[in-house]
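J.: Predicted model, plus sequence, below.
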Amino acid sequence: MRKIFVKSLLCAAAFIFFSQQSSAQSGYQTALGVKVWDGGGISLKHFVNGNNALEGIGYFWRQGARITGLYEIHGAINNAGGLQWYIGPGAHVGFYNDRYGNRSFIGIDGVLGLDYKFNGAPINVSIDWQPSFEFGDTRGFVGNWGGLGIRYTLK
């Protein structure tokens, strides 16, 4: 039990250390807002270290809901202050209504996008493409996910 506590404490300390350095790379550390797609979603993005961020998205639309987690690697675009590209893997679980058979599905995702933090304002915007593959009967590749994110930067 003591080993688990010590390891957890060390992981928390490393997380805090790297999180403090991340805001210098992206201009923000954590942002909360909406993601607009065919429906709408809630987006929470947090930089865990340097150029690496985690994004959680809850999409809601008339055919169901989908919860997605993404790991994003960001890179600066030269001579474009505040603008970054990002790419990464992820996964999701979807819950669909009668049109799709009242089922739940899991899938894997990829993401490719641009992220911009306004200088002097607590606003971040992003636009991305999020292709995915869902496992199960009548499922497969889906190439129309992604959207426009508008977030308030918390730190």
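T.: Okay, I see it. Numbering: from 1, shown residues only.
J.: For the residue nearest the centre of the chain, give me its contacts.
T.: Centroid-nearest residue in the chain: Glu55, 2.3 Å away (criterion: CA atoms, centre = their mean). Shown in contact with Glu55 (CB atoms under 8 Å, 6 or more residues apart in numbering): 43-46, 68-70, 72, 90, 111. For the C-beta atoms, the positions are set from N, CA and C on the backbone; glycine is no exception.
J.: and if we set it to 10 Å?
T.: Shown in contact with Glu55 (CB atoms under 10 Å, 6 or more residues apart in numbering): 31, 35, 43-46, 68-72, 86, 88, 90, 111, 113, 115, 126, 128, 130, 149, 151.
J.: Same question for Asn124.
T.: Contacts of Asn124 (CB under 10 Å, 6+ apart): 26-28, 30-33, 43, 45, 82, 115-118, 149-153.
J.: Of those, which belong to strands?
T.: 30-33, 43, 45, 115-117, 149-153 (DSSP state E).
J.: ok, those vs Gly64, which is closest?
T.: Gly64 lies nearest to Ser43 out of the ones in strands among the contacts of Asn124, by CB to CB, at 17.9 Å.
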